[in-house]
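Student: kindly return the folded structure for what I paste below:
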Amino acid sequence: MLAPIVVFAYNRPNHLLRCLNSLLTNPESAESSLHVFVDGPKSDLDKEVVNQCVNIAQGIVGFKSLDVVVSDENLEKCIDVILDNASEGNVGDGKIFVYDVQDAIRIRTRTRGIEAIR
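Tutor: Have a look, this model is predicted:
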């Protein structure tokens, strides 16, 4: 079993895209689980680039599985992007599971909550 891949993204869509494309060059990516965390925008100035990161994360293909964790304010947008892009009309296109993340903890500093992922 391969170790999962975890990527944290916020407001640099070009960096996220380069990172994911680089990961996809590894032949084992097709057997790897990818987990992408995208925080919500901190201000109106960040909304567009954060939304771009959400779109990139939702549209990535080539991994065994994909989990995307987003803020509540980005949830419906993420669901729409998945529904618009993931279906090929075949059994096995996938499922969307929506669940609450109760807490986040940054191990190094023991910071909890939203500050742990910023």
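
Student: mind checking how far the helix or strand of the chain with the lowest mean pLDDT is from the chain centre?
Tutor: Each helix and strand of the chain was given a mean pLDDT (mean pLDDT, DSSP states H and E); the minimum falls on helix 75-85 at a mean of 78. Centroid separation for helix 75-85 versus its chain: 12 Å, with Cα atoms, centre = their mean, to the nearest Å.

Student: likewise for stretch 79-94?
Tutor: Relative to the mean C-alpha coordinate of its chain, stretch 79-94 is positioned 16 Å out (Cα atoms, centre = their mean).

Student: what sits up against it?
Tutor: Taking Cβ atoms under 8 Å, 6 or more residues apart in numbering as the criterion, the residues outside stretch 79-94 that touch it are 54, 55, 58, 59, 96, 98. To be clear about C-beta, it is placed using only N, CA and C from the backbone, and glycine gets the same treatment.

Student: switch the cut-off to 6 Å
Tutor: Residues from elsewhere that reach stretch 79-94 (Cβ atoms under 6 Å, 6 or more residues apart in numbering): 55, 58, 59, 96.

Student: assumed the first one was part of a strand.
Tutor: No: with DSSP: H, G, I helix; E, B strand; the rest coil as the criterion, residue 55 is assigned helix and is not in a strand.

Student: count of neighbours near it?
Tutor: The criterion is other Cβ atoms under 10 Å. On that basis, residue 55 has 17 neighbouring residues.
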